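1. The sequence and its predicted three-dimensional model are supplied below.
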Amino acid sequence: MDYKTVLINASNLLKKYNINNPILDSELLLSSSLQITRENLLLNLNNIIRPTENKLFQNLLRKRIKKMPIAYILGYKYFWRSKFFVNNSVLIPRPETEIIVEEALKFMSTKKPINILDIGTGSGCIIISLLKEIPKSKGVGLDISKNAIKVAKINAKIQQINNRIKFVNSDIDKFKSGKYDLIVSNPPYIKKIKINRLKEDVRNFEPQKALDGGYSGYSKIETVIKNSLELLKRNRKLILEIGHDQANQATLILEKYGFYINKISKDLFSRYRCIVATKY
């Protein structure tokens, strides 16, 4: 069977199970099974698949049918300018989270080294991306999950910045080390009651601790803000990702702790997604 036929059969199967992007997913899974790039696959659609390759591909397809996210099946996800290793110990990096990096680079000089803290670092994608953009800077990635820290350390090594970053397995309430020029965070902000309403591939596979924002959806956001007050230098920035309907309440919490709101940014769908604030 040639690659083209294999892809048609696979995309039809994924479509039957209501998988989004069945064609793209089929191409990504097949190129992974063949150990070639997707571009190379599409340029060689008349090639014949080997039985061992097809067996591996069918195994990957079965995982996708069960709604396992494509990033976990492949073991990686692109974020900002880099490819990050991921597994089900960490949230899958999302395009909207890149806004944190984008806004940080607007407000912070890339020519002057800074000290960065990432609260709830997960895969490390935010702080690693920032450290690659701001030479000679150093940072700390904090997470309550030991397994997430393991993933972040792997990514720091892959991106060759492990000498400029330290990862700490700790709750933010117990972390009192250092003063920072920039604090970034994508905290859990989904209301507990809404977790079971999330898409199947999210609620069944991604770590709930990284999603659950408590009863109100603001408990982790407020914890990050409160602790940032102690950890941030005066006149320096805190950049937070928030839910699309949380801008007003998150602003009130920031102002309660004495932060000045510089900017509330929207994502590609024109939904509020990120707040930039200054400690005074």
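-> Noted; the coordinates are in hand. Please read all numbers here as calculations on a predicted model, not as lab measurements.
2. how about the helices in this protein?
-> Here the chain has its helices, by DSSP state H, at 3-16, 22-34, 38-43, 51-65, 70-74, 98-107, 125-133, 146-158, 200-203, 219-231, 247-256.
3. Residue 278 is nearest to which of these?
-> Of all these, helix 98-107 sits nearest to residue 278, with 8.8 Å by CB to CB. Quick note: C-beta positions are derived from backbone N, CA and C, even for glycine.
4. pLDDT on that closest one, on average?
-> Here helix 98-107 scores 96 as its mean pLDDT.
5. Next, the buried residues of it.
-> Neighbour counts over helix 98-107 (16 or more other CB atoms under 10 Å) mark 98, 99, 100, 101, 103, 104 as buried.
6. In JSON lines: these, plus distance to residue 241.
-> Shown next, in JSON lines, are the buried residues of helix 98-107 (distance: CB to CB, whole Å):
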{"residue": "98", "distance to residue 241": "10"}
{"residue": "99", "distance to residue 241": "7"}
{"residue": "100", "distance to residue 241": "6"}
{"residue": "101", "distance to residue 241": "11"}
{"residue": "103", "distance to residue 241": "10"}
{"residue": "104", "distance to residue 241": "12"}
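7. of those, closest to residue 213?
-> For the buried residues of helix 98-107, the nearest to residue 213 is residue 100 (16.9 Å; CB to CB).
8. Show the contacting residues for the closest one.
-> Residue 100 makes contacts with 126, 184, 186, 239, 240, 241, 274, as judged by CB atoms under 8 Å, 6 or more residues apart in numbering.
9. Could you do residue 122 as well?
-> By CB under 8 Å, 6+ apart, the contact set of residue 122 is 90, 91, 93, 143, 148, 151, 152, 186, 210.
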